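Q: Can you look at this prediction? I've put the sequence above it.
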Amino acid sequence: MQDAWVWLILSLDATLRVSTPLIFAALAGLFSERSGIVDIGLEGKMLVGAFAAATVASVSGSVWLGLLMAIVASVGFALLHGFACITHRGNQVVSGVAINILASGLTMVLGLAWFHQGGSTPALTNDQRFTSIDLPFAQQLADVPGIGLLYSELLSGHNILVYIAFALVPVSWWVLYRTRFGLRLRAVGENPKAVDTAGISVAGLRYRAVMIAGVLCGFAGAYLATAQNAQFIRDMTAGQGFMALAALIFAKWRPWPILFACLLFGFLDAVAVRLQGVTLPGIGLVPVQLIEALPYLLTVILLAGFIGKANPPKAVGLPYVKER
Amino acid sequence: MKAATLNKFLSIFLLPVLNILTAFIFTTLLFLVIGIDPWEAAKILVQGAFGYEEGIGYTLYYTTNFIFTGLAVAIAFHAGLFNIGGEGQAYIGGLGVSLVALGLGSFLPPIFLLPLAILAAAAFGAAWAAIPAYLQAYRGSHIVITTIMFNFLAASLMVYLLVNVFSEAGQGMPASRAFPDSASLWTWQAFMAQFGIEFAASPLNISIILALICCVAVWVFLWKTRWGYELRTVGANPEAAIYAGINPKRIIMLAMLISGALAGFVAVNELLGVQHRLVLGFNTGYGFAGIAVALMGRNHPIGVMLAALLFGALYQGGAELAFEIPSVTRDVVVVIQGLIILFSGALEFMYRAPLQRWLLSFAREA
């Protein structure tokens, strides 16, 4: 029983760490898509963010400067997406694909040219990365039965970005549902014409939305390279941007369900790692690939309308053309 | 000149050229940033791709893959669908090829085995595209998202099968056992030797003939058959298509089945032509490159062929470049690919609108 409790706490602890970049990226997608701009490019923005964070942190020695540059790089790509989709009314999916491919190629080419380590950046020392923070009394409470482990392992001992990610969920909810900006942002994703008629700039709102997405993807990338890992490795996002996109859809484009979707997908990932090569009674060798594929499978099933109905923002993917 | 002629000139010549030029200008800037003489790099690239027979062989071998995935994306585009799933469909096509080659290879002669394996590639690729197509047509889930998800599902499935079913003990990389000899396609060298012509050894094989046949077949299908007409009608205006008595749901299925089958053919070139066993990630990058190829080729088989040749040359020349200059990787080509998708896809209107106005002003004066 005690073993199972420890196993569960440790799995949940890993879940939080794996879910963090998903939460940042899925919230990024939330702002973008609620304003009507499809964001396939989460993956690419995370990747340039990770690369910028690791590069700047290793060269300057400051992890915060790394985070700042991650945000700058990611917002740069977000503005490119905006330029193509909002200003030139290009195909949003095509633009997203271009951003992913560009990010993948650029980070590899620049990484090799600058550091000569096969596309990786130099390993970061501990003061060049986000390290774990112990909450007050975590050490003292560790031995208290039950909640001791819960507090010291699960809640305490994460880096600052993990706490920021979780805090951003209620913040995003508040921005989207309780501010004028949020109301307008949701409106522009449902019915841009109505927003335009009210004398508010559709393009302006959408640009702000994709920039917020850029900032959040910058956080996600910085987390990958300077918190979860200690360097940039080529293609280190490894599909997490798409996983976040799946979480966004699975959560039907709403902030709180996004948290749960990310935690669920993160949990599946954490469990898959822990069950590698484990034989369970009655099941046999656990097919790890199946667990890893579950988030995508679940999303497809949801999209097919077999678990509830996923209604995307009505104007998502449609360029806005003002009447001439 | 008439406005229509000018418009055609604009979209089949001027715009693609401008888009490539823009992409190349940015690539030049990238070379300057990483401290490499762009002119030198361009020379190595062209020399590597076309300078000698083996290089040409490699170029055309890559071209073969790009034709398959480019056509796959193009035919879906004509029906108004965006198939991002070429990557996964090619992978599953490889499963079909391997099942036939490993299962029947020991007792079927090549004359039956090879066509069967090629059919299996098409059938498995098509089947993997059929599910997202069905979900789009009948359940209303968006094909872009489902095909992305199916890429990941294909990757997981193939890793599982390679590790647990196909893998031989004692191998470092997960791979199946070698296909029997009866399951290998003629290399171009062997093929040309039949006519007494010598050609350097390279991965180029007779799959390229299949690719060219596919180009012609896609052209005939799209522009000379009733189904092709219906497909293009649905792509141009689904509502008008319904009034004309066309069932868009059936067209979605049809377009995606053909698209998936074409993507599946990548496995023919890769597995029957070159690897002769099922290997992990043989499909990597080709599905996405197909998007760039289709966009640059304006979704026309001839355009796709030319764009595929350009990408084949970039891939092979890029490999040569990475070999000659150690501080460059072949991923420079990935950057170029991204730039081409950006400029000829997402930003296609940036040049089009001003150029159209400019050209039309000529038409009016004349």
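A: Here it is on my side, so go on.
Q: Can I get stretch A:118-136 in CSV? Just the C-alpha atoms.
A: Once side chains and other backbone atoms are set aside, the C-alpha atoms of stretch A:118-136 remain, and they are given as CSV (Å, rounded to 0.1, in the frame of the first residue of the first chain):
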residue,chain,number,x,y,z
GLY,A,118,26.1,18.3,-33.9
GLY,A,119,23.3,20.8,-33.4
SER,A,120,23.1,20.9,-29.6
THR,A,121,24.1,23.9,-27.5
PRO,A,122,26.7,23.5,-24.7
ALA,A,123,25.4,21.9,-21.5
LEU,A,124,24.2,24.5,-19.0
THR,A,125,25.4,24.7,-15.5
ASN,A,126,22.9,24.8,-12.7
ASP,A,127,23.1,28.6,-12.3
GLN,A,128,22.3,29.0,-16.0
ARG,A,129,19.0,27.1,-15.7
PHE,A,130,15.8,27.1,-13.7
THR,A,131,16.3,24.9,-10.8
SER,A,132,13.8,23.5,-8.3
ILE,A,133,12.4,25.7,-5.5
ASP,A,134,11.7,24.2,-2.1
LEU,A,135,8.4,25.4,-0.7
PRO,A,136,8.6,26.5,3.0
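Q: at contact distance from chain B, anything in it?
A: Yes - counting by CB under 8 Å from any CB of the partner chain, chain B is contacted by stretch A:118-136 at residue A:119. Using the backbone N, CA and C atoms, a C-beta is placed for each residue, glycine as well.
Q: Quick one: mean pLDDT for that stretch?
A: Average pLDDT, stretch A:118-136: 83.
Q: can you pull the buried residues of it?
A: For stretch A:118-136, burial by neighbour count (16 or more other CB atoms under 10 Å in any protein chain shown) applies to A:119, A:120, A:121, A:122, A:124, A:128, A:129, A:130.
Q: Enumerate the residues of the stretch 101-250 of chain A near chain B.
A: The stretch 101-250 of chain A has residues A:101-106, A:108-110, A:112-114, A:116, A:119, A:239, A:242, A:245-246, A:249 near chain B, with proximity defined as CB under 8 Å from any CB.
Q: follow-up on the earlier one: can I get the buried residues of stretch A:118-136 in a markdown table including distance to residue B:361 and secondary structure?
A: Converted to a markdown table, those look like this (distance: CB to CB, whole Å; DSSP: H, G, I helix; E, B strand; the rest coil):
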| residue | distance to residue B:361 | secondary structure |
| --- | --- | --- |
| A:119 | 49 | coil |
| A:120 | 53 | coil |
| A:121 | 51 | coil |
| A:122 | 56 | coil |
| A:124 | 57 | coil |
| A:128 | 58 | helix |
| A:129 | 58 | coil |
| A:130 | 58 | coil |
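Q: Farthest-apart pair in those residues, please.
A: Comparing every pair within those by CB to CB identifies A:119 and A:130 as the most remote, at 22.6 Å.
Q: Now stretch B:101-112: buried residues?
A: Buried residues in stretch B:101-112, counting neighbours by 16+ other CB under 10 Å, are found at B:101, B:102, B:104, B:105, B:108, B:110.
Q: what does stretch A:281-300 give?
A: Residues of stretch A:281-300 classed as buried by neighbour count (16+ other CB under 10 Å): A:286-289, A:291-300.
Q: hang on, the earlier thing: between the buried residues of stretch B:101-112, which is nearest chain A?
A: Proximity to chain A was ranked across the buried residues of stretch B:101-112 by CB to the nearest CB; first place goes to residue B:102, at 20.6 Å.
Q: which residues touch stretch A:117-135?
A: Surrounding stretch A:117-135, the residues in contact under the criterion CB atoms under 8 Å, 6 or more residues apart in numbering or on different chains are A:51, A:54-55, A:57-58, A:61-63, A:66, A:107-108, A:111-112, A:115, A:151, A:155-161, A:163, A:222-223, A:225-227, A:230-234, B:329, B:331.
Q: filter those residues to the buried ones?
A: Burial by neighbour count, judged by 16+ other CB under 10 Å, picks out A:51, A:54-55, A:57-58, A:63, A:66, A:107-108, A:111-112, A:115, A:151, A:156-159, A:161, A:222-223, A:225-227, A:230-234, B:329, B:331 from the contacts of stretch A:117-135.
Q: elements contacting the helix or strand where residue B:68 lies?
A: The secondary structure element spanning residue B:68 is helix B:53-78 (assigned by DSSP states H and E). The criterion is 3 or more CB pairs under 8 Å, 6 or more residues apart in numbering or on different chains; DSSP states H and E, and the helices and strands that helix B:53-78 contacts are helix B:38-50, helix B:86-104, helix B:207-224, helix B:226-236, helix B:248-264, helix B:266-267, helix B:286-296, helix B:301-324.
Q: Can you check which of these gets nearest to chain A?
A: helix B:286-296 (5.8 Å).
Q: So is that closest one next to chain A?
A: Yes - counting by CB under 8 Å from any CB, contacts between helix B:286-296 and chain A involve B:288, B:291, B:292, B:295.
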